[in-house]
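**Student:** Pasting the sequence and the predicted coordinates here, then a few questions.
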Amino acid sequence: MCQKNKLIVLAVLAALYVGTAFAADDVNSTKSKITINNACFKAASPEKQNLNGEWVDIVNQGSAAQDLGGWTISTQHNRTYAFKNLTLQAGASVKLHTGCGNDTATDIYWNKKMPIWNNNGDMATLKDASGNVVARYPEEIAEA
């Protein structure tokens with residue numbers, strides 16, 4: 001009887017371990033896969049007349065739609081754009097332009113009258129609604 005109870009306990013522990021491993025995979029699979037795919041920090045000249053030539057391309061590389069409401073993107077000098085009502089579908093991208101325009105599913109506008117990004121290089125930082133850094137462009141170089 002004692003040996004049988006030990007086997008049952010071991011079987012239950014093994015099942016719990018396997019279940020926990022699958023649960024961890026489920027959590028990781030729903031983790032945000034939003035990234036900054038590309039950016040143009042310097043519009044063609046005359047720059048003030050071509051503000052929509054400054055842009056940042058954000059892509060959803062995940063398998064589920066992602067609500068970007070409350071997310072932000074900022075320059076290295078903390079000029080910040082707050083996303084409003086935008087759901088980025090799986091596999092879709094949206095381009096954030098500096099200048100003015102009417103938002104669509106593929107293009108959104110910061111509605112600024114002056115350039116935002118540093119022409120000599122900048123860093124776009126994307127944060128989720130909780131303020132966690134989700135992506136940077138260009139990506140930071142890991143120190144060796």
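**Tutor:** Nice, I can see it. Residues are numbered from 1 along each chain as shown.
**Student:** And this protein, split by domain according to the record?
**Tutor:** The chain is divided into the following domains under automatic domain parsing: 1-31, 34-137.
**Student:** the helices in this protein, which residues?
**Tutor:** Counting by DSSP state H, the chain has helices at residues 2-29.
**Student:** Tell me the pLDDT of the residue most central in space within it.
**Tutor:** Ranked by distance to the mean C-alpha position of the chain (CA atoms, centre = their mean), the top residue is I34 at 3.2 Å. At I34, the model reports a pLDDT of 97.
**Student:** Would you agree it is in contact with N132?
**Tutor:** No - I34 is beyond contact range of N132, at 11.3 Å (criterion: CB atoms under 8 Å). The way it works is simple: take the backbone N, C-alpha and C, and place the C-beta from them, glycine included.
**Student:** Run through the strands of this protein in chain order.
**Tutor:** Ranges of strands in the chain, per DSSP state E, are 34-40, 55-60, 66-67, 72-74, 80-82, 87-88, 93-97, 107-109, 124-127, 133-137.
**Student:** and for the second one, what are the contacting residues?
**Tutor:** When you say that, I think you mean strand 55-60. The contact list for strand 55-60 (CB atoms under 8 Å, 6 or more residues apart in numbering) reads 33-40, 66, 68, 73, 88-98, 124, 126, 135, 137.
**Student:** again, only this time at 6 Å
**Tutor:** 34-40, 66, 88, 90, 92-97, 124 (CB atoms under 6 Å, 6 or more residues apart in numbering).
**Student:** Weed out the non-buried ones from the residues you listed.
**Tutor:** Neighbour counting over the contacts of strand 55-60 (16 or more other CB atoms under 10 Å) leaves 34-36, 39-40, 66, 88, 93-97, 124 as the buried ones.
**Student:** Same list (the residues you listed) but as JSON lines, adding distance to Y109.
**Tutor:** Formatted as JSON lines, these follow (distance: CB to CB, whole Å):
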{"residue": "I34", "distance to Y109": "19"}
{"residue": "T35", "distance to Y109": "21"}
{"residue": "I36", "distance to Y109": "17"}
{"residue": "A39", "distance to Y109": "15"}
{"residue": "C40", "distance to Y109": "15"}
{"residue": "Q66", "distance to Y109": "20"}
{"residue": "L88", "distance to Y109": "16"}
{"residue": "S93", "distance to Y109": "15"}
{"residue": "V94", "distance to Y109": "11"}
{"residue": "K95", "distance to Y109": "10"}
{"residue": "L96", "distance to Y109": "8"}
{"residue": "H97", "distance to Y109": "5"}
{"residue": "A124", "distance to Y109": "16"}
